[in-house]
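Peer 1: Predicted model and sequence below, questions to follow.
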2 protein chains.
Amino acid sequence: MSSIDQVALLAKVSVATVSRVINNSGNVSPETRQRVLAAVERLKYQPNAMGSLLRKEHTGMILVMLHSVDNPFFAPIVQGIESYAQTNGMNVLISTTYGDPSRESHYLELVKTHFVDGILLIANTMTLEVLNELSTRFPVVQVLEYLEDSEASRVTIDFHAATVELIEGLVAKGHRHIAFVHTGLEHIISTQKKRQAYVEVLAKHGLPPYEIPGPHDFGYESGAQLARQLLETHPQISAFFATSDLIATGILSTLEAMDVQVPKDKAIVSFDNTVFATLSRPTLTSVEVNGYELGSQAMDYLFRRIHQKKYRDKVCLTLPYTIHHRDSE
Amino acid sequence: MSSIDQVALLAKVSVATVSRVINNSGNVSPETRQRVLAAVERLKYQPNAMGSLLRKEHTGMILVMLHSVDNPFFAPIVQGIESYAQTNGMNVLISTTYGDPSRESHYLELVKTHFVDGILLIANTMTLEVLNELSTRFPVVQVLEYLEDSEASRVTIDFHAATVELIEGLVAKGHRHIAFVHTGLEHIISTQKKRQAYVEVLAKHGLPPYEIPGPHDFGYESGAQLARQLLETHPQISAFFATSDLIATGILSTLEAMDVQVPKDKAIVSFDNTVFATLSRPTLTSVEVNGYELGSQAMDYLFRRIHQKKYRDKVCLTLPYTIHHRDSE
DNA sequence: TTGTAGGCGTTATCAT
DNA sequence: ATGATAACGCCTACAA
């Protein structure tokens, strides 16, 4: 656990010179540089981050708050974030919250205490007050999910437009009885937007909505269970709109068990376009979010927000999406 | 960006007293405590982490190095780690390396500079020298994958025993031509152990091995492609042993495309027991690792290694596994 | 080119 | 119960 003055002592120079060598700053003669490097080597000296960071304004670390690491959907977003970070000399740290508010606020301490320079929120669940308070004082960007009336910046997609396109497609194909299936996480904005668009399109065509509350799980079980219930009570349903392709996979399993053909008897459309959409049989029509772009853009704003103090205005970026039409409709 | 002395000034006390209030250490009279808290509130004072950490031996942070966040297989491990950490007052930070050595060594700096107290390596790809050097000087534990002759501690499972059980099962069912399918990541210990066990069991029964090099991808494509190649050249193959259930899913897709029935015509067994094993049709026989336990145990050792300086001996823990027999064999 | 010294924000020891 | 002060390890004017 050697520190800079031990190196200085061994190399017979001042700590200032050692610091110069370590950071390649200032001018140091080749000979002294050699002596210093030799001493560093001998003592296996490693600068202590806390010492130097105490003198700097930033730590170069940013925190990404995720729900968990078991959802392939988030992978591209994280990659986009990391790619941007890497080319700009920042480090990305990820934390998982499992939707637990106490874990969330725990990790928020990291930015409040300046352990990290900023935070990227992916599918956060904090309250409007907490978020607003946070975002006015620290660099924060919401990615994908967001709180509608928050002061915090965000990068997301137009869930409403994507849903309209999806449902209009089903209606155009002749479907009159379309069900809405989700995991029961009603509070998240994506679910709200999707429901709203779904209801609007149906109303426009004078069609009835079908929706029942489901379990709050990852998706598969929700899909399987809700599809069964819906078909028992409303056998006339001919199409399912699922909020994620994992839910869609669950629906598919129920239909398979009931010997219902897809897309001949029933159609399914969904969101996320993860590996599940292409692995399932039949393959699923699904809305793709450009996660990589979403992540980079979010980092880009966060980066500027961190380094330019004037850059404080709320930014709302809406990125394009892509609908992949496949065999399930 | 107020600091402790501004609070002291406003509250008309010394910085020492403010510190006492903040950390609930020492005795402070109720009245002064109130004054201090009021000042804290007014200035929206947040202690600066770098300042206090500079004075402490540990940061309470540990780093988990992952390949990426798009593999559901790692989720339980991370949960186990976080659960242990939480009950022991530590914070978990995750970093992704995508198998890139430069990213790995970049993140290793975090422990070398004492930004984090220790590191958990999940499926790392560093060299033996780097790892040994690291583990003698800093708290490090390998989880699941490991370097065979390293000085570093590890928590893993007996890949060899699990494979023997799997393959013996196939042989007992009458299979004489069993192929080994993997992603081509030959260097990782799990692949090596699996291959070794596979070869041993076949040799014991006088059976021929089948294996061809494949692409280095996540798994699905490897499985699909290799199954096709193997069946073209060796149609007598009646069973596939896949190193992951995502590979198995790929194999399944090829068999489906070739109109081959599973398990009637061909059998498949695999590892990981992720969601893919139960989502696929037919469901897959797969080896389950108790990831949660693996994570907790690794953290337990790391924790002790960090806080008890005498606790430096190499620890090799081998946890039990479970084979789930399903419809694919 | 190199050294001196002050300060970053906090905690802890030692007085008072 | 409270205050003064010396670290913690590092960087960087400023001086030499």
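Peer 2: Here it is on my side, so go on. Numbering: from 1, shown residues only, chains lettered A, B, ... in the order given.

Peer 1: and residue A:285, what is it in contact with?
Peer 2: A:166, A:268, A:269, A:270, A:323, A:324, A:325, A:326, A:327, A:328, A:329 (C-beta atoms under 8 Å, 6 or more residues apart in numbering or on different chains). C-betas here are computed from N, CA, C, even on glycine.

Peer 1: Give the other helices and strands that the helix or strand containing the fourth one contacts.
Peer 2: Meaning residue A:270. Secondary-structure element containing residue A:270, defined by DSSP states H and E: strand A:267-271. If you count contacts as 3 or more C-beta pairs under 8 Å, 6 or more residues apart in numbering or on different chains; DSSP states H and E, strand A:267-271 packs onto helix A:159-172, strand A:239-242, helix A:245-257, strand A:285-289.

Peer 1: Any chance you could note which residues of the stretch 1-150 of chain A sit beside chain B?
Peer 2: A:44, A:46-51, A:53-54, A:59, A:66, A:68-72, A:74-75, A:78-79, A:82, A:86, A:91-96, A:103, A:106-107, A:110, A:112-115, A:137 (C-beta under 8 Å from any C-beta of the partner chain).

Peer 1: Check those residues one by one and keep those near DNA strand D.
Peer 2: Applying C-beta under 7 Å from any atom of the strand to the residues of the stretch 1-150 of chain A next to chain B, one finds that A:46, A:47, A:48, A:50, A:51, A:54 fall near DNA strand D.

Peer 1: Give me the neighbour count for residue A:46.
Peer 2: A count of neighbours around residue A:46, defined by other C-beta atoms under 10 Å in any protein chain shown, yields 18.

Peer 1: re the thing from before, the helices and strands packed on strand A:267-271: which one's closest to residue B:203?
Peer 2: Taking C-beta to C-beta as the criterion, helix A:245-257 is the member of the helices and strands packed on strand A:267-271 that comes nearest to residue B:203, at 40.3 Å.

Peer 1: do the closest one and chain B meet?
Peer 2: Yes. If you take C-beta under 8 Å from any C-beta as the test, helix A:245-257 does meet chain B, through A:249, A:253, A:256.

Peer 1: Surely the second one is in contact with residue A:224?
Peer 2: This means residue A:253. Yes. Using C-beta atoms under 8 Å, residue A:253 is in contact with residue A:224, at 5.3 Å.

Peer 1: For residue A:49, give me its contacts.
Peer 2: B:110, B:113, B:114, B:115.

Peer 1: out of everything not next to it in sequence, what's closest to it?
Peer 2: residue B:113 (3.8 Å; C-beta to C-beta, 6 or more residues apart in numbering or on different chains).

Peer 1: Thought residue A:53 was touching that neighbour, still the case?
Peer 2: No. Contact criterion C-beta under 8 Å: residue B:113 and residue A:53 do not qualify, at 9.2 Å.

Peer 1: so who does residue A:135 touch?
Peer 2: Counting by C-beta under 8 Å, 6+ apart, residue A:135 touches A:150, A:151, A:152, A:153.

Peer 1: so it is in which element?
Peer 2: helix A:128-137.

Peer 1: Tell me where the stretch 1-150 of chain A has strands.
Peer 2: Under the criterion DSSP state E, counting those that start in this stretch, strands of the stretch 1-150 of chain A are mapped to A:61-66, A:91-96, A:118-122, A:140-143.

Peer 1: now the ones you listed as a markdown table including mean neighbour count?
Peer 2: Below are those laid out as a markdown table (neighbours: other C-beta atoms under 10 Å in any protein chain shown):
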| stretch | mean neighbour count |
| --- | --- |
| strand A:61-66 | 24 |
| strand A:91-96 | 23 |
| strand A:118-122 | 25 |
| strand A:140-143 | 27 |
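
Peer 1: May I see those organised as JSON lines, with mean pLDDT added?
Peer 2: Formatted as JSON lines, the strands of the stretch 1-150 of chain A follow (pLDDT from 0 to 100):
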{"stretch": "strand A:61-66", "mean pLDDT": "97"}
{"stretch": "strand A:91-96", "mean pLDDT": "96"}
{"stretch": "strand A:118-122", "mean pLDDT": "97"}
{"stretch": "strand A:140-143", "mean pLDDT": "97"}
